[in-house]
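Novice: Need coordinates for the following:
(one chain, ligands or ions: 1)
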Amino acid sequence: MSSLSSDWEAFRIEAESVADWIATYRSTLEQLPVLSRVEPGECADQIPPEPPDAAEPLASVLADLDDIIVPGLTHWNHPGFHAYFNTSSTPAGILGDFAAAAINAQAMLWRTSPAATELEIRMMEWLCHFVGLPDCFTGVIQDTASTSTFTALIAARERALPGVRTSGLVALGTAGRPTLYMSEHAHSSVDKCAIAAGLGLDGLCRIPVTADYGMDPEALERALARAATEGRLPVMVCATIGTTSMASIDPPARIADVCERFGVWLHVDAAYAGPAAALPEKRALFGGWERADSIVINPHKWMMTPMDCSALLFRDPDAFRRSLALTPEYLTSDTDAINLMDYGLALGRRFRALKLWFVFRRVGADGLRTALREHIALARTFAGWLEDDPAFEVVAPVHFGLVCFRSRPPVDARWDANEWNRRLMECVNIRGRVFLSHTVIDDRYVIRCSVGGIGATERGIRQTYEELAAAHRDLREGATEVPSI
Ligand code: PLP
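Specialist: Reported below is the predicted structural model:
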């Protein structure tokens, strides 16, 4: 069958083959090395430079999927994947995305797919209720947290500098340098947003943190108080709940107090940790985030939903419309309804709400809460083993599913502690059963173990601990040489 034909009976059979491929891939993942072992260019070399002239059978595409693509994948759903922050894709989410591709709605205007628009808004309301945000919040789905934060920054910029969408930043005159305030541990995407929104990297003011690595609200207050004398115009404060390095928390209530005093837009980056607000026992960590102007939560990180699905939640939809709504003649319509293209940069919007709807309905809010609790409990168990082992130390509180730790090098180690930890992590990663990533905190190389994938089990994290212990042994005995980078 040519894939251009509309032979839906043939499609049924092919869809079954693809479903079969997916089920085999996902159920046998554990046998594959979690971190791809290909060299740069190795995949590309196996893919012809030109497309085929004639249609090929699905079987040969699937064969190449196995032979060329799978070896070049780092398997994010592998039970041993503990690097960065996990993304998680459940069967429910996969099926939702499959259906979305078939429907292929383009939800720029309400009329171009009323159900896609209305489901998206309803899903944002479901998400708000799930994480305990008040009814005054609504939202839209973006591709990534980077885009969500960027969109919020453009809205905040328009509020701080009314008319900037028309005049551009050039026409600012003496208003001061538009500035975004954030902690030194904010995600690098916030820096990029400042670049893209015309604030520039010099338009970032990094606020120091307190001993628990959360933004110091008093330092923020002082920075905002001296903004005018420094020639700065505060545009936004970005507070993070669950920083990327170590899942630390910028105290939302105290930061909201400061933002309200100075009338500055508060954006909360809860891209990773946001779903944990659905757990009553974690809610206190989020206390005050409901006073933010905008919040980002990525269901594609810790809410069992396949990439890409980033929820941008906000309390004043008009602020977003004022900054980015623009309707050319060919998109005008008489219908009095919400057009989602008015709330962001993208005109074309794919039907991302569908997979979130599938996840909410097939997993259920209880199922999601159970998974979150399991991940947090596994992270705690893992941290407990490390704490009981004199070869390791846990270096940050385990609020969510992230464990930050270091290995203590033996006294006669050939390397300093940072180099020791780097080599230890590389040893583990090279062995192929587990994939960990790192950060640097206060000039100390720190290994991160993120527990957030749907394949996470106690057996899996036990294996992670054993891999670390084995790597520690090998490194001590000089059995493994890890090249320095
Ligand atoms: N914010 C935080 C706290 C993150 O951890 C990340 C990525 O890990 C991002 C933002 C950026 O996310 P995205 O890849 O969706 O842009």
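Novice: Only C-alpha atoms from now on, for both contacts and neighbour counts.
Specialist: Fine.
Novice: Would you mind listing what in the stretch 151-300 of the chain touches the ligand?
Specialist: 187, 189, 242, 243, 244, 269, 271, 272 (Cα under 6 Å from any ligand atom).
Novice: Helix, strand, or coil at the residue found closest to the first one once you drop the neighbours it is linked to in the chain?
Specialist: Once flanking residues are discounted, residue 187 sits nearest to residue 244: 6.3 Å by Cα to Cα, 6 or more residues apart in numbering. Secondary structure for residue 244, judged by DSSP: H, G, I helix; E, B strand; the rest coil, is coil.
Novice: so what's residue 244 up against?
Specialist: Listed by Cα atoms under 8 Å, 6 or more residues apart in numbering, the contact set of residue 244 reads 84, 85, 185, 186, 187, 272.
Novice: mind putting the residues you listed in a markdown table, neighbour count, secondary structure and pLDDT included?
Specialist: Shown next, in a markdown table, are the contacts of residue 244 (neighbours: other Cα atoms under 10 Å; DSSP: H, G, I helix; E, B strand; the rest coil; pLDDT from 0 to 100):
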| residue | neighbour count | secondary structure | pLDDT |
| --- | --- | --- | --- |
| 84 | 18 | coil | 96 |
| 85 | 23 | coil | 96 |
| 185 | 25 | coil | 96 |
| 186 | 25 | coil | 97 |
| 187 | 19 | coil | 97 |
| 272 | 28 | coil | 98 |
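Novice: those strands in the stretch 301-450 of the chain, which residues are they?
Specialist: 310-314, 392-394, 402-407, 437-441, 444-450 (DSSP state E, counting those that start in this stretch).
Novice: Kindly format the C-alpha coordinates of stretch 128-142 as CSV.
Specialist: Provided in CSV are the C-alpha atoms of stretch 128-142 (Å, rounded to 0.1, in the frame of the first residue of the first chain):
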residue,chain,number,x,y,z
CYS,A,128,-5.4,23.4,37.7
HIS,A,129,-7.9,21.4,39.8
PHE,A,130,-5.5,18.4,40.0
VAL,A,131,-2.6,20.6,41.3
GLY,A,132,-4.9,22.7,43.6
LEU,A,133,-4.8,26.0,41.7
PRO,A,134,-7.8,28.2,42.1
ASP,A,135,-10.5,28.6,39.4
CYS,A,136,-9.2,32.0,38.4
PHE,A,137,-6.4,30.2,36.5
THR,A,138,-6.8,29.1,32.9
GLY,A,139,-4.2,28.2,30.3
VAL,A,140,-3.0,26.9,27.0
ILE,A,141,-0.7,24.1,25.9
GLN,A,142,2.7,24.9,24.4
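Novice: how about it: buried residues?
Specialist: Using 16 or more other Cα atoms under 10 Å as the test for burial, stretch 128-142 gives 128, 130, 131, 132, 133, 137, 138, 139, 140, 141, 142.
Novice: ok, residue 440 to residue 243 distance?
Specialist: Going from residue 440 to residue 243 by Cα to Cα, to the nearest Å gives 13 Å.
Novice: ok, now residue 97?
Specialist: 28 Å.
Novice: go on, residue 309?
Specialist: Distance from residue 309 to residue 243, by Cα to Cα: 19 Å.
Novice: do residue 237 as well
Specialist: 15 Å.
Novice: which outside residues touch the longest strand seen in the chain?
Specialist: As assigned by DSSP state E, the longest strand anywhere in the chain is strand 232-240. The contact list for strand 232-240 (Cα under 8 Å, 6+ apart) reads 153, 156-157, 159-160, 175-183, 186, 215, 224, 227, 248-252, 255, 259, 264-270.
Novice: And for residue 230, the neighbour number?
Specialist: For residue 230, the neighbour count with other Cα atoms under 10 Å is 12.
Novice: Same question for residue 40.
Specialist: 9.
Novice: And for residue 417?
Specialist: By other Cα under 10 Å, neighbour count at residue 417 equals 18.
Novice: Same check on residue 285?
Specialist: With other Cα under 10 Å as criterion, residue 285 counts 18.
Novice: cool, and residue 284?
Specialist: Per other Cα under 10 Å, the neighbour tally for residue 284 reads 10.
Novice: now the strands for the stretch 1-150 of the chain?
Specialist: Counting by DSSP E, counting those that start in this stretch, the strands of the stretch 1-150 of the chain are 138-142.
Novice: That one: helices as residue ranges?
Specialist: Ranges of helices in the stretch 1-150 of the chain, per DSSP state H, counting those that start in this stretch, are 8-28, 42-45, 58-64, 91-103, 114-130, 145-160.
Novice: contacts for the shortest one?
Specialist: Think helix 42-45. 68, 69, 72.
Novice: Let's see that with 7 Å instead.
Specialist: When contacts are defined by Cα atoms under 7 Å, 6 or more residues apart in numbering, helix 42-45 is touched by residues 68, 72.
Novice: Go through it and flag the buried ones.
Specialist: Counting neighbours by 16+ other Cα under 10 Å, helix 42-45 gives residue 43 as buried.
Novice: Please apply the same query to the last one.
Specialist: Within helix 145-160, the residues that count as buried by 16+ other Cα under 10 Å are 145-160.
Novice: how near is residue 353 to residue 305?
Specialist: In terms of Cα to Cα, residue 353 sits 10 Å off from residue 305.
Novice: correct me, but residue 268 touches residue 293?
Specialist: No: with contact defined as Cα atoms under 7 Å, residue 268 does not count as touching residue 293 (8.2 Å).
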